[in-house]
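Asker: what would the 3D arrangement of this be:
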Amino acid sequence: MMKHIYQVGQVNAYIKNMFAQDFLLGKISIKGEVSNCKYHSSGHLYFSLKDHTGTIAAVMFAGSRKQGLKFPMRDGDHVIVTGSVEVYERDGRYQLYAREIVLDGVGALYLRFEALKKELAEMGMFAQEYKQPIPKYIRTLGIVTAPTGAAVQDIKNISHRRNPYVQLILFPALVQGDGAVESIVNGIHALEQLGVDLMIVGRGGGSLEDLWAFNEEAVARAIFECSVPIISAVGHETDTTIADFVADLRAPTPSAAAELAVFDDRQFREALRMMKVSLDMQMQAHISREYQKQQQLKTRLVKRSPQAILHSRQQYLIDLEEKLHKYMGYRLQECRHQIQLLAGQLEAGSPLKKLSHGFSYVTDQKGKPLQKMEQVRVGDMVTIRTLDATIASEVKKISPRE
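Answerer: Numbering: from 1, shown residues only. Below is the predicted model:
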């Protein structure tokens, strides 16, 4: 009689626990050919890995696809899958739970690339605060690249076109194969010793293997520790290397690096010309404004000068004098008219006027005019004045007038 009888689930759980405790199965990389590749609507990816010795089922959950799968995987692809082997209890079968999938061939290099990239990033070698500013105007440009090929020719052509006065110093380096890393590092150190203003380190495009020298730690450290600002220009626009992350500035191509490094002399001269035109216009406008202000101040000064005030007072006195003459003439005319009226009245009451009409003027002995008969007596002497004579006469008779 059997002593221990187990349920299926208990056995599957036990086997799962055994798999979980196995260190090798917890993180394992398996290479093989993809088959039965299916993208589920939920985002999960189901497939199998096979080679001439066997097959293993695999799944990559949607949460891992964004970071772990960088290409559209299809049946027939040869890949390296990194993940863990675990037991699915419900079915009692094991499968590979993928966390990262890369194409085989570049897979090993890609893993090295990602590992070094993560290590250097954690060390802060990619941090923005360590990036040196790229000088805008340079006199010497150092170039670390192969002496032949399109890259160096593109840099030379574009640099001479943009500014023929910038001196180019080429360090002919190996950019792939044995000795490439040492050659690139030596080139960076040599140009740094020469004291160039800026440096371009790079090469033309190629496969991951061709560009691998720029993914080595020695090159990354040489770029990071260099006191001269460095522009990386490795491969084509889609190629990315460790050197790009460490450099002070990344250019998508060598041609773009030359444009970033060398300022355009023609544009610079045109900018200077436009600045001169703008400055001249501003100066002319400023001079015109100041001249107008000066004229206004001059006018105000002339109006307020002692001479202007004296002229104004003189003119005021002249105006007053004219008014006075007019007024005096008017008053004299009025006086003349009044005198004429008074003269007429005086003439009308003049004794001479009366005398000319046959009247006479009689006074007593004391010279007082005789107005009443009581003023004289018979025998008194009186004086009679006519128009042209004075007559002395004696009073003979006094008769009252009826």
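Asker: CA only for contacts and neighbour counts going forward, please
Answerer: Noted.
Asker: all helices of the stretch 51-200 of the chain, in order?
Answerer: Counting by DSSP state H, counting those that start in this stretch, the stretch 51-200 of the chain has these helices, from start to end: 62-68, 107-122, 150-162, 180-194.
Asker: what's the closest of those to Leu301?
Answerer: Comparing the helices of the stretch 51-200 of the chain against Leu301 with Cα to Cα, the closest turns out to be helix 150-162 (57.4 Å).
Asker: how far off centre is that closest one?
Answerer: 33 Å (Cα atoms, centre = their mean, to the nearest Å).
Asker: for it, packing partners?
Answerer: Contact analysis of helix 150-162 by 3 or more Cα pairs under 8 Å, 6 or more residues apart in numbering; DSSP states H and E lists strand 198-203, helix 254-261 as its packing neighbours.
Asker: flag every buried residue along that helix.
Answerer: The neighbour-count criterion (16 or more other Cα atoms under 10 Å) identifies 151-152, 154-156, 158-160, 162 as the buried residues of helix 150-162.
Asker: export the helices of the stretch 51-200 of the chain to a markdown table and tack on distance to Lys31 and mean pLDDT?
Answerer: Conversion of these to a markdown table gives the following (distance: least, Cα to Cα, whole Å; pLDDT from 0 to 100):
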| stretch | distance to Lys31 | mean pLDDT |
| --- | --- | --- |
| helix 62-68 | 15 | 88 |
| helix 107-122 | 9 | 81 |
| helix 150-162 | 36 | 92 |
| helix 180-194 | 29 | 95 |
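Asker: quick one: low-confidence residue ranges for this protein.
Answerer: Within the chain, the stretches with pLDDT under 70 are 1-3, 6, 105-108, 349-358, 402.
Asker: which helix is the longest one in it?
Answerer: Of all the segments of type helix in the chain, defined by DSSP state H, the longest one is helix 306-348.
Asker: strands of the stretch 1-150 of the chain, start to end?
Answerer: Assigned by DSSP state E, counting those that start in this stretch, the strands in the stretch 1-150 of the chain fall at 28-39, 45-51, 54-60, 78-88, 93-103, 140-145.
Asker: and the strand or helix carrying Leu279 with helix 150-162, angle?
Answerer: Using DSSP states H and E, the element containing Leu279 is helix 265-304. Relative orientation of helix 265-304 with respect to helix 150-162: 30 degrees, computed using axes from the mean of the first three to the mean of the last three Cα atoms, to 10 degrees.
Asker: could you check the angle helix 306-348 makes with helix 265-304?
Answerer: Per the same axes, to 10 degrees, the angle that helix 265-304 makes with helix 306-348 is 30 degrees.
Asker: okay, the helices and strands packed on helix 150-162 in TSV with mean neighbour count and distance to Arg313 next?
Answerer: Shown next, in TSV, are the helices and strands packed on helix 150-162 (neighbours: other Cα atoms under 10 Å; distance: least, Cα to Cα, whole Å):
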stretch	mean neighbour count	distance to Arg313
strand 198-203	27	78
helix 254-261	22	76
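Asker: returning to that earlier point: looking at the strands of the stretch 1-150 of the chain, which is buried most?
Answerer: With neighbours defined as mean count of other Cα atoms under 10 Å, these peak in mean count at strand 140-145, which reaches a mean of 24.
Asker: partner strands of that strand, with direction?
Answerer: In the sheet containing strand 140-145, its partner strands are strand 167-172 (parallel), strand 198-203 (parallel), by DSSP bridges.
Asker: mind putting these into CSV with distance to His325?
Answerer: Formatted as CSV, the entries for the strands paired with strand 140-145 read as follows, by distance: least, Cα to Cα, whole Å:
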stretch, distance to His325
strand 167-172, 95
strand 198-203, 95
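Asker: out of these, flag the one nearest Glu119.
Answerer: Of all those, it is strand 198-203 that lies closest to Glu119, at 22.0 Å by Cα to Cα.
Asker: residues in contact with that closest one?
Answerer: Strand 198-203 is touched from outside by 134-135, 138, 140-146, 151-152, 175, 188, 191, 228-235, 254, 257-258, 261, with contacts defined as Cα atoms under 8 Å, 6 or more residues apart in numbering.
Asker: and for stretch 186-193?
Answerer: Counting by Cα under 8 Å, 6+ apart, residues outside stretch 186-193 touching it are 142, 144, 169, 171-173, 199, 201, 222-223, 226-228.
Asker: out of the residues you listed, who's nearest Glu100?
Answerer: Taking Cα to Cα as the measure, Ile223 is the one of the contacts of stretch 186-193 closest to Glu100, at 29.9 Å.
Asker: need the contact list for that closest one.
Answerer: Shown here is Ile223, whose contacts under the criterion Cα under 8 Å, 6+ apart are 188, 230, 243, 246-247.
Asker: now stretch 216-227: buried residues?
Answerer: Using 16+ other Cα under 10 Å as the burial criterion, the residues of stretch 216-227 that qualify are 216-217, 219-224, 226.
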